[in-house]
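# Using only what follows, build the 3D model:
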Amino acid sequence: MVMLGIELTGVSPFQVIYLHGLVRAADNTKMSKTKGNVVDPLDTVAEYGADSLRYSLVTGVTPGQDIPLNMDKIAANKAFANKLWNCCKFVTENALSGIDDDEKASLGVTGPLDKDELSSLALPERYIISKCHELVESVTSDIEKYQLGAAGSKIYEFLWDQYADWYIEISKTRLYEGFGGGGDDAKTARRVLVYILDTSMRLLHPYMPYVTEQLWHHLPRAPKADDMAAHSLMLADWPQMDDSTPLARDEDAVATFECFQALTRSIRNARAEYNVEQGKKISATVVASGHLKEAIETEVKSLVMLAKLDPDQTVVVEAGSDEAKAAAAGDSVQLVVQDGVEAYLPLSGLVDAEKEKQRLEKQSSKLTKEIEKLAGRLKSKGFVDKAPPAVVDKARAELAELEDQASKVESSLAALK
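Alright, predicted model coming up:
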């Protein structure tokens with residue numbers, strides 16, 4: 001290709017050649033027609049899509065190693081492409097629904113969001129933009145160093161874990177009047193939703209060109225007269241064109257919001273541990289101080305939605321106050337989120353005491369029978385003397401585990417009495 005390009009045009013068709021490992025079968029064996037383990041790329045594209053296959057191959061690249069072509073991974077990346085589609089659908093069909101053409105045009109991304117605008121936003125918006133700008137710098141650096149797999153994985157994690165799972169959910173408290181949203185909050189949420197999705201599409205385009213190009217054309221665009229506007233994502237500017245000017249970030253907002261995330265996860269984990277019905281709303285008292293208390297108070301409606309709390313029974317109080325002492329003294333589950341932030345969930349809201357007692361008694365009875373049966377086997381000389389040592393050790397370990405479970409059940413029963 002190089003020699004033919006020079007012969008026909010006088011210049012080399014490319015300056016850099018990236019050598020990657022061999023693409024192998026899922027079990028890491030070399031593909032062979034004789035073995036019958038050859039993967040036909042056309043069949044794979046027909047089933048999973050070209051972008052899913054392309055993304056799997058590029059992100060599977062590790063310098064010095066071959067690439068096992070795993071169909072499960074390609075299927076997961078097809079789900080990722082579908083996730084992108086749903087994110088774009090939420091933005092275009094929900095967030096942007098009902099706004100006029102002028103406002104929609106004003107949302108078109110014409111360049112990086114600056115420090116002044118970032119500082120004027122609420123905590124979740126400052127967090128997601130800061131993380132997005134961090135992603136841009138990290139991905140740009142990785143691609144320049146030809147660490148293509150690492151860069152692609154970072155985009156995946158950001159879009160799925162941060163944008164879709166956190167910010168899109170929180171944006172609903174800004175967009176919908178039922179959550180107390182609307183007005184300027186809704187405008188800000190639209191601006192940030194579009195900005196993050198547009199920027200992410202530009203980063204992901206080299207990896208998934210077909211899906212991102214299609215989705216990008218559904219997003220608001222700057223007026224055509226604007227020099228920054230492009231008619232194709234393939235021709236659009238990279239999010240960070242000027243290496244000398246770092247993108248705006250707010251590290252304090254990132255740290256504060258990570259505390260908010262930890263609080264939300266703690267409450268979710270408690271709900272799961274106590275088998276709280278999915279649709280049931282529970283009460284909570286959050287104890288914090290300083291800027292963390294202020295941040296949680298400001299975003300309490302987001303906490304209520306994400307952790308499925310009762311808005312009328314959720315309060316944020318100052319550490320050391322009478323309210324905090326009362327919450328600690330009550331019959332509650334204490335969640336220590338981090339130094340200075342705790343939450344108290346009343347047990348009465350987490351479990352139906354009578355129903356939980358019946359469940360635990362049934363479980364205790366079952367464990368007692370299993371313990372008696374296993375203890376009887378271990379007391380039998382015929383079993384201990386004749387069974388292989390490994391089998392005996394395994395039985396003893398199972399007995400210890402059952403006794404530990406029974407002890408925990410008894411403790412839970414005692415707490416309910």
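
# Can you tell me the SS state at the closest residue to Ile282 other than its chain neighbours?
Once flanking residues are discounted, Ile282 sits nearest to Gly349: 4.2 Å by CB to CB, 6 or more residues apart in numbering. Just so you know, the C-beta spots here come from the backbone N, C-alpha and C atoms, and that holds for glycine as well. The assignment at Gly349 comes out as helix when based on DSSP: H, G, I helix; E, B strand; the rest coil.

# Ok, Thr314 next?
Thr314 falls in the strand class when you classify it by three-state DSSP.

# and it, how many neighbours?
Using other CB atoms under 10 Å, Thr314 has 20 neighbouring residues.

# need the contact list for it.
Contacts of Thr314 were listed using CB atoms under 8 Å, 6 or more residues apart in numbering, and they are Ser283, Ala284, Thr285, Val286, Val300, Leu303, Val304.

# Let me know the pLDDT of the residue most central in space within the chain.
In the chain, the C-alpha nearest the mean C-alpha coordinate belongs to Asp161, at 1.6 Å (CA atoms, centre = their mean). On pLDDT, Asp161 comes in at 94.

# With Leu69 instead?
86.

# So which of the contacts of Thr314 belong to helices?
Val300, Leu303, Val304 (DSSP state H).

# which one of these is nearest Ser266?
In terms of CB to CB, no member of those lies closer to Ser266 than Leu303, at 11.0 Å.

# my read: that closest one touches Phe260, true?
Yes. Leu303 is in contact with Phe260 according to CB atoms under 8 Å; the separation is 7.2 Å.

# count of residues packed around Ala25?
Using other CB under 10 Å: Ala25 sits among 17 other residues.

# Quick check: the gap between it and Met31.
Distance, Ala25 to Met31, using CB to CB, to the nearest Å: 5 Å.

# list residues touching both of these two?
In contact with both Ala25 and Met31: Asn37, Val38, Val39, using CB under 8 Å, 6+ apart.

# my read is the second one is in a helix, agree?
No. Looking at Val38 with three-state DSSP, it is coil, so not inside a helix.

# now it, nearest residue through space, not along the chain?
Nearest residue to Val38, sequence neighbours excluded (CB to CB, 6+ apart): Met31, at 4.7 Å.

# isn't that neighbour right up against Asp40?
No. Contact between Met31 and Asp40 fails when scored by CB under 8 Å: they sit 10.3 Å apart.

# Check which helix or strand Ser412 maps to.
In the assignment (DSSP states H and E), Ser412 maps to helix 389-416.

# For that helix, buried residues please.
Within helix 389-416, the residues that qualify as buried are Val392, Ala395, Leu399, Leu402, Gln405, Ala406, Val409, Ser412, counting by 16 or more other CB atoms under 10 Å.

# Show me what it is packed up against.
helix 353-379, helix 381-386 (3 or more CB pairs under 8 Å, 6 or more residues apart in numbering; DSSP states H and E).

# Those: which one's closest to Tyr18?
Tyr18 lies closest to helix 353-379 among those, at 57.7 Å (CB to CB).

# I'd like the distance from that closest one to the chain centre, please.
From the chain centre to the centre of helix 353-379 is a distance of 38 Å (CA atoms, centre = their mean, to the nearest Å).

# That helix relative to helix 389-416, how many degrees between them?
Taking axes from the mean of the first three to the mean of the last three CA atoms, to 10 degrees, one finds helix 353-379 and helix 389-416 inclined to each other by 150 degrees.

# Out of the ones in helices among the contacts of Thr314, which is nearest to Tyr156?
The shortest gap between Tyr156 and any of the ones in helices among the contacts of Thr314 belongs to Leu303, at 26.8 Å (CB to CB).

# Next up, the contacts around that closest one.
Phe260, Leu263, Thr264, Ile267, Val286, Ile296, Leu309, Thr314.

# that older thread, would you mind listing the residues touching both of Leu303 and Phe260?
Listed as contacting both Leu303 and Phe260 by CB under 8 Å, 6+ apart are Ile296.

# can I get the helices and strands packed on helix 389-416 in TSV with distance to Val254 and mean neighbour count?
Shown next, in TSV, are the helices and strands packed on helix 389-416 (distance: least, CB to CB, whole Å; neighbours: other CB atoms under 10 Å):
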stretch	distance to Val254	mean neighbour count
helix 353-379	39	14
helix 381-386	58	10
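
# thinking again about what came up before, which among the shared contacts of Ala25 and Met31 end up buried?
Among the shared contacts of Ala25 and Met31, none is buried by neighbour count (16+ other CB under 10 Å).

# I'd assumed Gly279 was in a strand, is it?
No. Applying three-state DSSP, one finds Gly279 to be coil, outside a strand.
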